[in-house]
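Here is the input, now give the coordinates:
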Amino acid sequence: MTPLRLLWLNLRIGILTELEYRANFGVQLFQTFLALVIAVGRLSVIFYHTDELGGWGPDQMLALTGVFFLVLGMVNLIIQPSMQRVLEDVRRGTLDFVLTKPEDAQLLVSVRQIEIWKVVDVLVGLGLIVVALYRLRESIGVVEALGFALALLAGLAIVYSFLLMLTTCSFWFVRVENLLVIFQSMYEAGRWPVGLYPGWLQFALTSLVPIAFAVTVPAEAVTARMTPQTLILALALAVVLLLISRAFWRFGVRHYSGASA
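So this is what the prediction gives:
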């Protein structure tokens with residue numbers, strides 16, 4: 001089965017599962033609306049007292065907020081719930097059922113859990129980006145759109161690789177889910193340009209927990225602030241981390257002792 005067909009199959013299952021609990025859609029709408037009001041209100045208060053924040057104007061910050069919602073929605077749509085499902089399977093000893101299937105185990109666990117209502121965050125993020133571009137009067141051509149798409153894909157690949165490596169650690173350690181919670185907390189730092197933070201925190205957000213590549217770099221692309229060197233670095237890092245996380249996952253599976261061991 002091809003990866004796209006497998007993703008489509010899990011997407012259909014996810015939609016059917018979530019439709020059993022339609023009240024979740026209302027809850028998600030409320031949560032996203034509340035988060036949107038707080039985010040925009042925060043920006044309004046800040047730019048009431050200043051014209052720019054670390055070289056970012058109000059409309060550029062609005063675009064960054066849109067990227068923040070967009071990436072958050074995409075991560076919580078597939079990546080985060082799938083990794084959480086792996087942690088539960090390891091704890092219960094049910095990961096064996098995945099590892100014995102005639103498909104690539106990493107692909108299976110990566111798209112197994114889909115929370116379809118998180119698409120609300122994705123749509124809100126796209127809406128904020130469109131509004132920001134309209135206010136900036138920026139003309140996004142093919143080159144700019146391609147740069148944004150590549151930066152966004154690189155950022156998502158980096159986050160996926162990072163979370164996959166954390167999840168793989170559950171083969172040896174028990175409380176890995178606490179690390180995922182810490183990641184979610186640190187992702188909040190992506191609401192602001194990484195350049196605003198002190199040097200040690202910039203290092204942490206680019207090297208240890210790569211939030212900057214997931215949010216700031218795509219936001220720089222959509223606001224014409226990104227340099228070609230930054231894009232090349234993001235793409236190179238994404239490829240390297242994908243290869244490392246793949247090797248680490250396979251190493252972990254070889255040393256995994258599940259319920260059938």
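
Give me the secondary structure label for Glu103.
Put simply, Glu103 is coil when judged by DSSP: H, G, I helix; E, B strand; the rest coil.

if I look at it, how far off is Ala132?
Per Cβ to Cβ, to the nearest Å, Glu103 is found 41 Å from Ala132. Bear in mind the C-beta positions are built from the backbone N, C-alpha and C, glycine included.

Between those two, which has more neighbouring residues?
A direct count of neighbours by other Cβ atoms under 10 Å for Glu103 and Ala132 places Ala132 higher, at 24 against 11.

ok, and the closest non-adjacent residue to the more buried one?
Distances taken as Cβ to Cβ, 6 or more residues apart in numbering put Ala63 closest to Ala132, at 3.7 Å, once the chain neighbours are dropped.

From what I see, Leu242 and Leu164 are in contact.
No: using Cβ atoms under 8 Å, Leu242 and Leu164 do not qualify as a contacting pair, with a distance of 9.0 Å.

Same drill for the two, tell me which one is more crowded.
Each of Leu242 and Leu164 has its neighbours counted (other Cβ under 10 Å); Leu164 has more, 24 against 16.

residues contacting the more buried one?
Contacts for Leu164 (Cβ atoms under 8 Å, 6 or more residues apart in numbering) come out as 83, 106, 110, 245, 248-249.

element containing it?
Assessed by DSSP states H and E, Leu164 sits inside helix 142-168.

average pLDDT for that helix?
Helix 142-168 shows a mean pLDDT of 90.

Which positions in it come out as buried?
Buried residues in helix 142-168, counted by 16 or more other Cβ atoms under 10 Å: 144, 147-148, 150-152, 154-168.

swap in stretch 55-74?
Buried-residue list, stretch 55-74, by 16+ other Cβ under 10 Å: 56-74.

Find the residue at the geometric middle of this structure.
With distances taken as Cα atoms, centre = their mean, Val75 lies nearest the centre of the chain, 3.5 Å away.

Would you double-check that that one falls in a helix?
Yes: Val75 forms part of a helix when assessed by three-state DSSP.

Now do the nearest residue to it once chain neighbours are set aside against Glu20, distance only.
Leaving aside its chain neighbours, Val75 sits nearest to Val159 (5.9 Å; criterion: Cβ to Cβ, 6+ apart). The gap separating Val159 from Glu20 is 29 Å, by Cβ to Cβ.

cool, and Arg135?
In terms of Cβ to Cβ, Arg135 sits 41 Å off from Glu20.

Comparing the two, which shows the higher neighbour count?
Just comparing Arg135 and Glu20: by other Cβ under 10 Å the higher neighbour count belongs to Arg135, 14 against 7.

what angle do the helix or strand where that one lies and helix 142-168 make?
Here Arg135 sits within helix 119-136, counting by DSSP H and E. Counting by axes from the mean of the first three to the mean of the last three Cα atoms, to 10 degrees, helix 119-136 points 150 degrees away from the direction of helix 142-168.

helices and strands around helix 119-136, which ones?
Helices and strands touching helix 119-136, by 3 or more Cβ pairs under 8 Å, 6 or more residues apart in numbering; DSSP states H and E, are helix 23-49, helix 58-74, helix 216-222.
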